[in-house]
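Enquirer: Sequence and computational prediction follow.
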Amino acid sequence: MRKVWMLIACSLLCLAFAGVASSAKTPVVWWMHWQAGAEAWVKEWGVKFEEQNPDIKLELETQTASPRDKLVVTVAAGVGPDIVYEVDSVMGPWIESGITLPLNRYFSTLPNRNDFLPDVIEGLTYGGELHAIPFMVWPWGVMWNRHVLSEAGVRDFPKTWDELVDVARRITRVGSDGTIERWGVRVERGVSYQVGLVEALFRQQGVTMIAEEDTQVKLDHAEGIRALEYLRQLTEIGGRQAPRDVDVAGGTGGIYYSWSGAYWGNVIAARPDAAEPGLLGFSRYPGPVAGADNLHVMSANLFITSSSKVSDTAWRVIEAWVEPRNLRDYLIHRGMLPVRRSIFTDPEFQDNAFKRQMLANMYSPLLLHGVKHTRYDLFRVGVGREFLAAFDGQISAAEALIRAEHIINVELAKE
């Protein structure tokens with residue numbers, strides 16, 4: 001009987017110690033949404049991370065309904081996630097509302113932190129504080145069909161605005177009934193992207209639409225009019241239809257201006273020959289003068305919420321996630337491009353000509369797609385509509401700039 005009681009006592013002690021070990025695990029909640037085909041890989045990574053870090057309980061969520069709406073409520077209640085995935089264009093409101101935790105003290109300890117594209121890090125830094133860590137990017141630039149340009153005697157992509165306008169006109173084919181049989185150039189028409197596109201042209205002229213500290217803007221100036229007139233010319237040449245990347249790959253379109261590299265996988269899936277040299281080109285935005293070119297990138301990022309009670313532990317998760325070998329494997333599954341330059345030369349990202357071109361063009365100046373201001377997401381749609389109206393010839397460039405200026409200033413004046 002005594003032996004039985006001893007066995008019971010030992011069992012209870014084991015259970016007690018197990019409870020202590022279990023309670024010693026620090027829970028970290030990570031919202032990692034919009035993962036497309038990489039969702040299973042991400043979840044598997046979470047399991048492996050816990051095995052390698054037995055003191056952490058990683059609660060990885062990939063299917064939260066309306067995560068952005070839920071984030072506001074849960075953080076305000078002090079029960080929000082510790083880590084959140086967000087794209088750069090939507091970071092502003094989280095920064096302004098104090099939902100993001102400044103990360104300088106963590107990032108300064110990260111090995112090889114200079115490996116990250118510096119312009120992307122700068123774009124996520126407000127008031128001197130880094131608010132998120134990028135883990136993948138996709139470029140926005142100009143995709144063009146080499147065969148179409150070659151037919152017009154054009155070997156290299158234009159270096160200036162005037163050259164691009166000239167080439168676009170030369171390669172455009174118009175039928176006897178006036179319809180465009182092959183468009184020479186078309187510009188991305190998504191209303192949310194027009195502010196970023198115009199900002200790229202502003203920056204090529206040495207000005208900006210708005211700086212991060214601005215409380216009022218002035219847009220109706222010579223540089224603004226010149227940028228909008230240039231885009232109006234491109235729209236006039238190619239028509240108001242939305243461009244399609246498959247048109248460029250197939251030769252029924254010549255130049256897709258402001259094309260998102262997020263879709264390079266779709267292009268190659270539809271046209272496998274697009275991966276080979278000689279069919280498609282990818283270039284930076286040419287400037288008003290040669291040498292003033294630039295390129296957009298969009299970034300996917302992780303931030304730690306200000307309500308997190310375990311920020312040090314949350315950083316350990318992020319640090320493991322952005323380790324180069326891990327990012328390499330993730331990006332292969334996700335179909336995106338690296339933000340860490342050491343991965344650029346990896347054979348997996350040099351395995352076709354089109355990816356090589358995109359990576360070769362990702363050098364400074366790079367602009368995050370938009371303007372660097374925390375209110376950007378709140379005014380970009382309204383301003384984008386005014387710009388599109390100018391490109392379509394419905395209002396003058398000056399009128400569009402005055403209207404855009406008003407929309408932005410009204411938003412900036414709000415408390």
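Expert: Great, that's in hand.
Enquirer: Can you show me the strands along the chain?
Expert: 26-31, 56-61, 83-87, 125-126, 129-130, 133-145, 173-174, 180-187, 253-260, 280-283, 295-304, 366-368 (DSSP state E).
Enquirer: out of these, nearest to Glu213?
Expert: Taking Cβ to Cβ, strand 125-126 is the member of the strands of the chain nearest to Glu213, at 9.3 Å. For glycine as for every other residue, the C-beta is placed from the backbone atoms N, C-alpha and C.
Enquirer: Pull up the pairing partners for the closest one, direction included.
Expert: Partners of strand 125-126 in the sheet, by DSSP bridges, are strand 129-130 (antiparallel).
Enquirer: any idea of the mean pLDDT for the strand it pairs with?
Expert: The average pLDDT within strand 129-130 is 98.
Enquirer: re the thing from before, quickly, which of the strands of the chain bottoms out on average pLDDT?
Expert: strand 173-174 (a mean of 92).
Enquirer: helices or strands next to it in the packing?
Expert: strand 180-187 (3 or more Cβ pairs under 8 Å, 6 or more residues apart in numbering; DSSP states H and E).
Enquirer: hmm, back to that, and the strands of the chain as JSON lines, adding distance to Ala413 and mean neighbour count?
Expert: Below are these laid out as JSON lines (distance: least, Cβ to Cβ, whole Å; neighbours: other Cβ atoms under 10 Å):
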{"stretch": "strand 26-31", "distance to Ala413": "33", "mean neighbour count": "20"}
{"stretch": "strand 56-61", "distance to Ala413": "37", "mean neighbour count": "16"}
{"stretch": "strand 83-87", "distance to Ala413": "26", "mean neighbour count": "22"}
{"stretch": "strand 125-126", "distance to Ala413": "20", "mean neighbour count": "18"}
{"stretch": "strand 129-130", "distance to Ala413": "25", "mean neighbour count": "18"}
{"stretch": "strand 133-145", "distance to Ala413": "30", "mean neighbour count": "24"}
{"stretch": "strand 173-174", "distance to Ala413": "47", "mean neighbour count": "12"}
{"stretch": "strand 180-187", "distance to Ala413": "31", "mean neighbour count": "22"}
{"stretch": "strand 253-260", "distance to Ala413": "30", "mean neighbour count": "25"}
{"stretch": "strand 280-283", "distance to Ala413": "39", "mean neighbour count": "22"}
{"stretch": "strand 295-304", "distance to Ala413": "27", "mean neighbour count": "24"}
{"stretch": "strand 366-368", "distance to Ala413": "25", "mean neighbour count": "23"}
